[in-house]
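Trainee: Sequence and predicted structure are below.
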Amino acid sequence: DAVRGRLRAAVIFNPTKHGLDELRTAVAQAESRQHFAPSLWIETTVDDPGKGMARAAVEAGVDLVIAAGGDGTVRSVAAGLRNTGVPLGLVPLGTGNLFARNLAIPVNDQDDAIVLAFSGYDRAVDVIVADITRPGGQTESHVSLVMAGIGIDAAMISNTNPELKRRLGWFAYVDAGLRAIPASKPFRVVHRLDAGRHHRSRVSSILVANLG
């Protein structure tokens, strides 16, 4: 086996993003420099933006998982890697790339981002975990790296026009936010921080921030 004993990465990528040919070339060069075996390449899908792919990569025994896409792809891949000990590398290809910006990963230089991903320098980062119980009793768990919101913030993200986002970038969020404000009605919440006392409030939005 030619790859026995060599480290191997998996690249989980959003196939709708531009620059994938350049990405493959840059990854191949990094594999050669760092003496990695050829990487496992896995596409995300509309139904699964990365979580299942990350779990498949871990089951395949890779030593590094690289998420190539926007914040949604990165968040979903991170959810699949949580508690596995497998490091996550980032190649930001999205509109905001907020997580990459917070970690000072180059958002306009794909080659540099790949060099960092293969460099072996790890940085521990907290995650936000939202455990949700629906009215019918169904439970869900969602992971976020940058921010998690309920109310106006969630409506803004949900209502962002994908085509407008592709053409105008950040301005698509402004459009969605302006449409979300009049449609969002205040709601009552009960909340507490750590082991503190419960507070009751009437709010239009809740935003929990892990990073800027």
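Mentor: Received the coordinates, thanks.

Trainee: and the worst-scoring helix or strand of the chain on mean pLDDT, which residues are buried?
Mentor: In the chain, no helix or strand scores lower on mean pLDDT, DSSP states H and E than helix 162-168, which sits at a mean of 75. Residues of helix 162-168 classed as buried by neighbour count (16 or more other Cβ atoms under 10 Å): K165. The C-beta positions use only the backbone N, C-alpha and C, and glycine is treated the same way.

Trainee: Which parts of the protein are strands?
Mentor: In the chain, the strands defined using DSSP state E lie at 8-13, 37-43, 64-69, 88-92, 128-133, 139-144, 147-151, 187-191, 199-203, 205-209.

Trainee: what's the least confident helix or strand of the chain packed up against?
Mentor: Where contact means 3 or more Cβ pairs under 8 Å, 6 or more residues apart in numbering; DSSP states H and E, helix 162-168 is packed against helix 171-183.

Trainee: ok, S201 touching R192?
Mentor: No - judged on Cβ atoms under 8 Å, S201 makes no contact with R192 at a distance of 11.2 Å.

Trainee: Would you mind measuring from R24 to P87?
Mentor: Per Cβ to Cβ, to the nearest Å, R24 is found 21 Å from P87.

Trainee: need the contact list for L81.
Mentor: Going by Cβ atoms under 8 Å, 6 or more residues apart in numbering, L81 touches 54, 58, 65, 88.

Trainee: Mind doing that once more with 6 Å?
Mentor: 54, 65, 88 (Cβ atoms under 6 Å, 6 or more residues apart in numbering).

Trainee: And the first one, how far from A155?
Mentor: Using Cβ to Cβ, one gets 28 Å for the distance from A54 to A155.

Trainee: of these two, who's got more company?
Mentor: Taking other Cβ atoms under 10 Å, A54 and A155 do not tie; A54 has more neighbours (27 against 20).

Trainee: I'd guessed that one sits against A78; true?
Mentor: No - with contact defined as Cβ atoms under 6 Å, A54 does not count as touching A78 (7.7 Å).

Trainee: Could I get the buried residue list for the top helix by length along the chain?
Mentor: Using DSSP state H to define each element, the chain has its longest helix at helix 20-34. For helix 20-34, burial by neighbour count (16+ other Cβ under 10 Å) applies to 20, 23, 26-27, 30-31, 34.
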